[in-house]
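Asks: Quick one, structure for this:
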Amino acid sequence: MKRWFWFLGLVLMMASCTLFRPRIPYQMGMSENRFLRQNRDAVISQLDGSKKVYRVNTDERFYILATFEEGVLTNLEERELMPAWHQRRMMEENNRDNP
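Replies: A predicted model of the protein is given here:
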């Protein structure tokens, strides 16, 4: 009986550890509905027949493009927004060209 309680306690402890691990936000082959539930701020970036591309801003510098074909995640890309120093330089060049 004592072994049974130890075994049951061990199983419960291991089960509780799996509940508290972090969720994987992106996984190849995941469904479009699950992706949209986990990423409520995702917006459609491109529509092409059965192919949909969603854009998710991860922070102020990076975003993710998630491509779904027939409701299944097939491609995942992380891209960087144009750096602020680059935008300022372009604006300065435009101001110099226009007197």
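
Asks: Between its first and last residues, how far does stretch 39-57 reach?
Replies: 10 Å (CA to CA, to the nearest Å).

Asks: what do you get for stretch 54-72?
Replies: One end of stretch 54-72 to the other measures 12 Å (CA to CA).

Asks: which residues are in contact with that stretch?
Replies: 26, 29-33, 35-36, 39, 41-45, 50-53, 73-81, 83 (CB atoms under 8 Å, 6 or more residues apart in numbering). Placement of C-beta: from N, CA and C, glycine included.

Asks: what mean pLDDT would you report for it?
Replies: What stretch 54-72 shows for mean pLDDT is 91.

Asks: for that stretch, the distance to its chain's centre please.
Replies: In terms of CA atoms, centre = their mean, to the nearest Å, the centre of stretch 54-72 is found 6 Å from the chain centre.

Asks: in it, what's buried?
Replies: Of all the residues in stretch 54-72, those buried under the rule 16 or more other CB atoms under 10 Å are 54-56, 63-64, 66-68.

Asks: Weed out the non-buried ones from the contacts of stretch 54-72.
Replies: Buried by 16+ other CB under 10 Å: 30, 32, 35, 39, 42, 52, 73, out of the contacts of stretch 54-72.

Asks: Confirm Arg40 sits in a helix?
Replies: No. Counting by DSSP: H, G, I helix; E, B strand; the rest coil, Arg40 is not part of a helix but coil.
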